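> sequence first, then the predicted structure, then my questions.
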Amino acid sequence: MTTEVIVHYRPYENDLSLLPTIAEKAIQDFPTRPLPRFIPWFPHDGSKLPFKPKRSPPVITGEAAQDVKQYLSILEHDIKPQSYDCTVDLLEFQPNLKKHHSIQSDKLNELKINSENLDKSEKRIQHKRRSWSVSLAKNNCAGKIFPLSKKLQDCLKALNLHSFYRARWTIEHDVCNNQTLEDVWAKLNRLIKHNELPSCNATIQRHLAQIWVFCDILYSEYVGDILKGRLTLSGKINLFVHKYGVIFSM
């Protein structure tokens with residue numbers, strides 16, 4: 001086999017004796033590196049599997065298999081053939097019970113109508129169950145607010161609570177001083193509407209006979225004084241903080 005090699009050289013390469021050497025190197029075989037033998041990470045002789053179940057598979061004896069076959073044959077014998085008549089066991093298609101069924105259906109319809117009316121009335125009651133009142137964003141009470149009492153400051157320090165943590169005054173029906181809860185709620189709404197309770201929003205829980213007044217702890221004592229004075233409350237009101245319970249009373 002004859003191989004023809006054509007070598008191109010640049011004009012400035014005047015030494016022609018190097019051309020045969022370059023040509024010999026060009027036609028030499030490329031060097032090859034033998035690949036290492038592949039060795040899997042698990043035994044590959046087939047005698048040992050890479051993964052082995054922790055427990056052996058369950059063994060079913062021939063007697064147990066025969067018992068299962070007998071049980072299945074008994075079940076197949078006892079199962080009744082399926083009826084494709086859709087009127088079977090329906091009371092309205094039994095001649096002796098047609099009249100009774102019509103009476104029952106009328107009663108069911110009446111009960112259904114009554115239940116729908118009750119559901120509508122309950123929805124209306126649930127809709128009116130709670131009301132919300134929210135204070136304005138701007139407040140003019142900052143100059144009147146005094147620092148927190150030492151007792152409340154010690155409580156905040158013990159619980160590691162920030163003064164801007166949200167708290168809740170709970171007004172029970174028992175402290176309303178011969179007023180109805182709705183009367184107290186109306187007075188409270190006027191206070192919040194005129195922005196006399198800083199950072200406050202409130203809700204009436206009629207099913208609990210309570211009014212909840214939410215505020216920052218920083219303003220809690222100021223708000224509590226106004227609630228007791230302007231709403232003419234008698235007895236104690238409790239300051240509640242989520243996950244901590246009642247932390248202060250006045």
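Ah, there it is.
> which stretches of the protein aren't confidently modelled?
Scanning the chain for pLDDT under 70 picks out 1-12, 30, 40, 42-51, 77-144.
> helices along that one, start to end?
18-26, 62-78, 98-127, 150-159, 181-193, 220-230 (DSSP state H).
> which strands or helices does the last one pack on?
Using 3 or more C-beta pairs under 8 Å, 6 or more residues apart in numbering; DSSP states H and E as the contact definition, the elements that helix 220-230 packs against are strand 166-172, helix 181-193, strand 210-216. C-beta here means a position set from N, CA and C on the backbone, and glycine is covered the same way.
> put the alpha carbons of stretch 158-175 into PDB.
This file holds the C-alpha atoms of stretch 158-175, laid out as PDB (Å, rounded to 0.1, in the frame of the first residue of the first chain):
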ATOM      1  CA  ALA A 158     -39.700  38.200  82.200                       C
ATOM      2  CA  LEU A 159     -41.600  37.000  79.100                       C
ATOM      3  CA  ASN A 160     -39.100  38.700  76.700                       C
ATOM      4  CA  LEU A 161     -41.900  40.600  74.900                       C
ATOM      5  CA  HIS A 162     -41.500  43.800  73.000                       C
ATOM      6  CA  SER A 163     -43.600  46.800  73.800                       C
ATOM      7  CA  PHE A 164     -45.000  46.800  70.300                       C
ATOM      8  CA  TYR A 165     -46.300  43.300  70.700                       C
ATOM      9  CA  ARG A 166     -50.000  43.000  70.100                       C
ATOM     10  CA  ALA A 167     -52.300  42.400  73.100                       C
ATOM     11  CA  ARG A 168     -56.000  42.200  73.800                       C
ATOM     12  CA  TRP A 169     -58.200  43.700  76.500                       C
ATOM     13  CA  THR A 170     -61.200  41.400  77.200                       C
ATOM     14  CA  ILE A 171     -64.400  43.000  78.400                       C
ATOM     15  CA  GLU A 172     -66.700  40.500  80.000                       C
ATOM     16  CA  HIS A 173     -70.500  41.000  80.300                       C
ATOM     17  CA  ASP A 174     -70.100  40.900  84.100                       C
ATOM     18  CA  VAL A 175     -68.100  44.100  84.200                       C
END
